[in-house]
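> give me coordinates for this.
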Amino acid sequence: MSSIRSRLVLYTTVIILVVAASITFFSTLSSRKQSLNTQRDHALEITRMVSSLVAPALYDLDSVTVRNKLAEIKISVPSIHKIYILDSERRIFSDGSKTNPLRGQVLPHEGATKFFSQLEIDTAISAQHVVVGGPIMLTENEVLGYIYAAFSSKETRDRLRDTIRGNIFLFVLCGVLGIGSAVLFARRFSAPLERLTSSANRIARGDRDVLIRTDGNDEIARLAQALEIMLRRLQEQTVELRTLNTSLDQKVRERTERLRQQAAELRLARDAAEDASRIKSNFLATMSHELRTPLNGLLGMIDLIADTPLNTKQLDYLQTAKLSGKNLLNLINNILDFSKLEAEKVDLEKIEFSLTDILNEMAQIYLPAAKQKGLLLGIDIDGQLPQRIYGDPARLKQILSNLIDNALKFTAEGFVTIQAMPETNATGQSMIRFIVSDTGCGIITDDQDHLFELFTQEDSSTTRKHGGTGLGLAICKQLTELMGGEINVDSDPDMGSRFWFTIPLLVDQDIISHTAKTDPAPTRSEEAMTADINGDSADPRHRDSEDNLSQAHILIVEDNKINRELLLAMLNTSHRRIETVENGAQAVKAVQDHDFDLVLMDISMPVMDGIEATKEIRKLSSPKSSIPIIAVTANAMPGDKERFLDAGMDDYLAKPIDVMALFDLLRKYIP
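Okay, here's the model as predicted:
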């Protein structure tokens with residue numbers, strides 16, 4: 001019974017110690033809170049008194065009187081560590097010393113400025129001091145200056161230390177008394193259990209002449225009575241159990257045989273299903289391959305015929321045949337990929353490639369289709385991504401192609417953008433998030449859950465209007481998961497869609513630097529982009545604004561060459577002076593060396609980002625420090641605009657760029 005006794009002692013002791021520790025802990029917290037509140041109230045009272053004492057002298061700019069007042073209060077209140085009186089410009093007027101070496105300087109203490117934006121004196125508590133600060137008011141709305149004081153917390157810490165020592169002593173005393181009481185209680189409680197255990201052991205050894213004491217009417221006594229009844233029935237139950245065991249053995253043998261037969265039937269059914277699935281997948285893979293081979297030859301011959309002398313009607317026929325052949329080839333490729341994925345025969349490559357080149361290639365491929373529909377097509381690559389990564393570029397392009405195809409297919413007007421940015425998943429792994437956004441018809445919530453299932457589209461009317469098999473997104477999902485990522489969509493009807501997927505960010509740390517990034521190769525010429533922007537669909541307000549802004553001198557700060565060309569095309573460089581740089585450091589130097597009317601500033605750039613560049617420009621001498629700076633960025637999360645404005649930027653323009661919005665801002669900031 002020593003085990004039960006030990007547990008009783010342990011449990012009782014733990015309860016006593018937990019209660020005592022809780023009382024000690026909360027008592028200490030209460031004492032600490034009371035001490036800090038007392039010191040804070042004392043510091044606030046003294047600071048308000050000093051504020052009222054020095055207000056007349058500060059009004060008269062009498063530094064001697066202010067110094068004397070501060071010196072007196074330092075002597076009478078030894079806990080004052082530092083005290084400053086500041087003028088209305090928030091510069092030090094007096095620190096209470098005779099030499100007053102800091103006069104005219106900015107307060108050297110970090111975090112002090114928060115007190116100067118308030119309308120009354122306030123406090124803050126740190127590890128070593130209680131800090132008090134706020135305005136010195138002449139009238140209710142007129143500020144004479146500011147006061148800032150730091151009071152030492154040593155006396156409060158000493159009192160709190162004494163309180164903790166007393167509480168620890170009480171905790172130890174309660175623990176000792178509790179353990180002693182627990183030992184006595186456990187010994188008295190376990191004695192009858194020990195006697196009962198001895199009787200049970202004798203019964204277990206086959207002794208039927210056992211006298212079981214049943215004194216009292218508590219739980220232990222009732223347990224003894226039950227043990228006595230059990231002893232009388234033991235023999236009867238033994239006979240019954242032998243009979244039941246014989247019957248149960250027979251039933252178990254019968255059930256086991258039936259289960260064995262069912263398991264064999266299930267294995268046969270499973271093998272048949274797997275064989276059928278493999279046959280289907282192998283058939284699809286073989287047929288898709290055999291169809292694709294002659295189709296590639298057919299498309300090649302069409303290209304050769306197109307290079308021969310043909311009339312316009314014949315060329316139209318060839319283009320129609322080639323387009324139909326390409327559509328059929330895409331369908332066959334999807335079927336082949338689906339069959340390979342289902343047969344688990346897809347092997348991913350792991351080679352080094354340029355992420356920028358991949359996205360630029362996608363833009364080059366789909367620019368003609370976007371231009372034909374009058375859509376803007378743009379890319380945005382976060383500056384924090386490395387230039388070269390490891391993975392399977394062919395499968396990455398396949399996923400992007402499916403998503404861009406869908407975006408262009410379901411977008412009648414507006415834009416399609418491709419974004420890439422770094423992120424960290426829930427397990428801490430570095431990932432790349434790709435986003436393909438459009439301004440198309442959108443997808444209702446009920447249909448979003450089924451988009452990535454095989455042979456599924458938004459609805460039957462969509463199938464009839466736009467065509468397709470429903471394989472593309474299902475293949476994207478399987479490829480993304482095979483790479484170790486995920487894919488999903490965010491969409492609202494009539495508001496467009498954002499298809500996104502993630503893949504692991506794999507780099508060679510010996511040769512890859514997140515801070516070094518080269519300019520991506522352009523995906524399309526400036527003339528092509530100008531055709532997109534300044535074509536028949538361009539806004540009349542854009543064309544009308546050319547005369548008003550023709551003499552403007554504008555600096556474009558953008559690390560991505562495609563986005564620089566896009567801005568150049570929008571601004572129509574033949575009519576105004578435009579200069580471009582690739583990072584924030586170059587932007588600061590350009591503003592120093594030239595006179596610009598306005599700066600269009602990207603945010604995520606190598607060497608120096610847009611926020612830091614803006615801060616450096618604002619430090620330049622006037623009038624260069626006041627040049628209008630507009631943030632042009634893909635950062636469009638809540639709070640981003642406020643962050644850019646707080647950094648010194650004048651306005652904000654989100655990517656993809658709206659031409660009308662761009663020229664509205666130009667007219668706003670360029671006279």
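
> C-alpha from now on. contacts and neighbour counts both.
Will do.

> just say helix, strand or coil for residue 147.
strand (DSSP: H, G, I helix; E, B strand; the rest coil).

> once you drop chain neighbours, what's closest to it?
residue 85 (4.7 Å; C-alpha to C-alpha, 6 or more residues apart in numbering).

> for stretch 74-93, measure first residue to last.
Separation of the first and last residues of stretch 74-93 by C-alpha to C-alpha, to the nearest Å is 17 Å.

> what strand or helix carries residue 502?
Assessed by DSSP states H and E, residue 502 sits inside strand 497-504.

> could you export that strand as CSV, CA atoms only?
C-alpha atoms of strand 497-504 as CSV (Å, rounded to 0.1, in the frame of the first residue of the first chain):
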residue,chain,number,x,y,z
SER,A,497,-10.5,36.1,-60.3
ARG,A,498,-7.1,35.5,-58.7
PHE,A,499,-5.7,32.0,-59.3
TRP,A,500,-2.7,31.3,-57.1
PHE,A,501,-0.3,28.5,-56.5
THR,A,502,2.9,27.9,-54.5
ILE,A,503,6.0,25.8,-55.1
PRO,A,504,9.1,25.4,-52.8
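
> mind listing residues that contact that strand?
403, 429-443, 480, 483-491 (C-alpha atoms under 8 Å, 6 or more residues apart in numbering).

> neighbouring strands for it, and are they parallel or not?
strand 430-438 (antiparallel), strand 487-491 (antiparallel) (DSSP bridges).

> can you list those strands in a markdown table and add distance to residue 161?
Below are the strands paired with strand 497-504 laid out as a markdown table (distance: least, C-alpha to C-alpha, whole Å):
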| stretch | distance to residue 161 |
| --- | --- |
| strand 430-438 | 46 |
| strand 487-491 | 57 |
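
> most packed of these?
The highest mean neighbour count among these, using mean count of other C-alpha atoms under 10 Å, belongs to strand 430-438: a mean of 21.

> starting at the chain centroid, how far to it?
13 Å (C-alpha atoms, centre = their mean, to the nearest Å).

> low-confidence bits of the stretch 301-450 of the chain, can you list those?
For the stretch 301-450 of the chain, the stretches with pLDDT under 70 are 301, 303-304, 307, 323, 326-327, 329-333, 336-340, 342-345, 448.

> just the strands in it please.
Remark: strands assigned in the stretch 301-450 of the chain by DSSP state E, counting those that start in this stretch are 351-354, 376-381, 388-391, 415-424, 430-438.

> cool, and the stretch 551-671 of the chain?
Along the stretch 551-671 of the chain, counting by DSSP E, counting those that start in this stretch, strands occupy 553-557, 577-581, 598-601, 629-633, 651-654.

> where among those strands is the average confidence lowest?
Lowest mean pLDDT of those: strand 651-654, a mean of 87.

> so what are the sheet partners of that one and their directions?
strand 629-633 (parallel).

> residues in contact with the strand it pairs with: which ones?
598-604, 610, 614, 644, 649-655.

> now the angle from it to strand 553-557?
Using axes from the mean of the first three to the mean of the last three C-alpha atoms, to 10 degrees, one finds that strand 629-633 and strand 553-557 are set 40 degrees apart in direction.

> looking at the chain, which helix or strand does the model trust least?
helix 526-534 (a mean of 36; mean pLDDT, DSSP states H and E).

> low pLDDT regions in the stretch 451-600 of the chain?
Looking at the stretch 451-600 of the chain by pLDDT under 70, you get 454-470, 508-548, 572-576.

> which residues in it form helices?
Under the criterion DSSP state H, counting those that start in this stretch, the stretch 451-600 of the chain contains helices at 460-466, 472-483, 526-534, 540-548, 561-571, 584-593.

> sorry, back to before: which one of the strands paired with strand 497-504 lies nearest to residue 582?
strand 430-438 (23.1 Å; C-alpha to C-alpha).

> now do the closest one and strand 415-424, the angle between them.
Using the same axes, to 10 degrees: strand 430-438 against strand 415-424 is 160 degrees.

> so what are the domain limits for this protein?
The chain breaks down by automatic domain parsing into domains covering 2-159, 212-346, 351-504, 526-669.

> reformat those as JSON lines; add distance to residue 181.
Formatted as JSON lines, these follow (distance: least, C-alpha to C-alpha, whole Å):
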{"stretch": "domain 2-159", "distance to residue 181": "9"}
{"stretch": "domain 212-346", "distance to residue 181": "22"}
{"stretch": "domain 351-504", "distance to residue 181": "50"}
{"stretch": "domain 526-669", "distance to residue 181": "61"}
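
> what's the spacing between the closest residue to residue 402 other than its chain neighbours and residue 406?
Distances taken as C-alpha to C-alpha, 6+ apart place residue 472 nearest to residue 402, at 5.9 Å, with adjacent residues excluded. Distance from residue 472 to residue 406, counting by C-alpha to C-alpha: 9 Å.

> do residue 451 as well
12 Å.

> more crowded one of the two?
residue 451 (22 against 19; other C-alpha atoms under 10 Å).

> can you report how many residues lie near residue 98?
11.

> quick check: residue 624 touching residue 591?
Yes - Residue 624 is in contact with residue 591 according to C-alpha atoms under 8 Å; the separation is 7.0 Å.

> what touches both of those two?
residue 617.

> and the residue nearest to residue 412 when sequence neighbours are not counted, how far from residue 450?
Once flanking residues are discounted, residue 412 sits nearest to residue 440: 6.3 Å by C-alpha to C-alpha, 6+ apart. To residue 450, residue 440 is 19 Å away according to C-alpha to C-alpha.

> what about those two, which has more around it?
With neighbours defined as other C-alpha under 10 Å, residue 440 and residue 450 compare such that residue 440 has more, 24 against 14.

> show me what contacts the more buried one?
407, 410-414, 494-497.

> against residue 204, how distant is residue 239?
Taking C-alpha to C-alpha, one finds residue 239 at 17 Å from residue 204.

> also residue 311?
Where residue 204 is concerned, residue 311 sits at a distance of 109 Å (C-alpha to C-alpha).

> tell me which of those two has more neighbours.
residue 204 (11 against 8).

> pLDDT wise, what is that one at?
pLDDT at residue 204 comes out at 73.

> wait, what's in contact with the spatially closest residue to residue 610 that is not a sequence neighbour?
Distances taken as C-alpha to C-alpha, 6+ apart place residue 603 nearest to residue 610, at 4.2 Å, with adjacent residues excluded. Applying C-alpha under 8 Å, 6+ apart, we find residue 603 in contact with 609-611, 631-633.

> just to revisit the earlier point, to residue 563, which of the strands paired with strand 497-504 lies closest?
Comparing the strands paired with strand 497-504 by C-alpha to C-alpha, strand 430-438 comes nearest, at 16.4 Å.

> could you export the closest one as CSV, CA atoms only?
Output of strand 430-438 as CSV, limited to C-alpha atoms (Å, rounded to 0.1, in the frame of the first residue of the first chain):
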residue,chain,number,x,y,z
SER,A,430,10.3,29.2,-48.1
MET,A,431,7.9,29.1,-51.0
ILE,A,432,7.2,31.1,-54.2
ARG,A,433,3.6,32.3,-54.6
PHE,A,434,2.4,32.9,-58.2
ILE,A,435,-0.8,34.8,-58.8
VAL,A,436,-2.6,35.1,-62.2
SER,A,437,-5.2,37.9,-61.8
ASP,A,438,-7.9,39.0,-64.3
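
> outside of that strand, which residues touch it?
400, 403-404, 407-408, 411, 414-425, 496-506.

> just the buried ones among these, please.
Neighbour counting by 16 or more other C-alpha atoms under 10 Å classes 400, 403-404, 407-408, 411, 414-422, 496-506 among those as buried.

> picking up where we left off before, how far away is the residue nearest to residue 412 from residue 410?
Distance from residue 440 to residue 410, by C-alpha to C-alpha: 5 Å.
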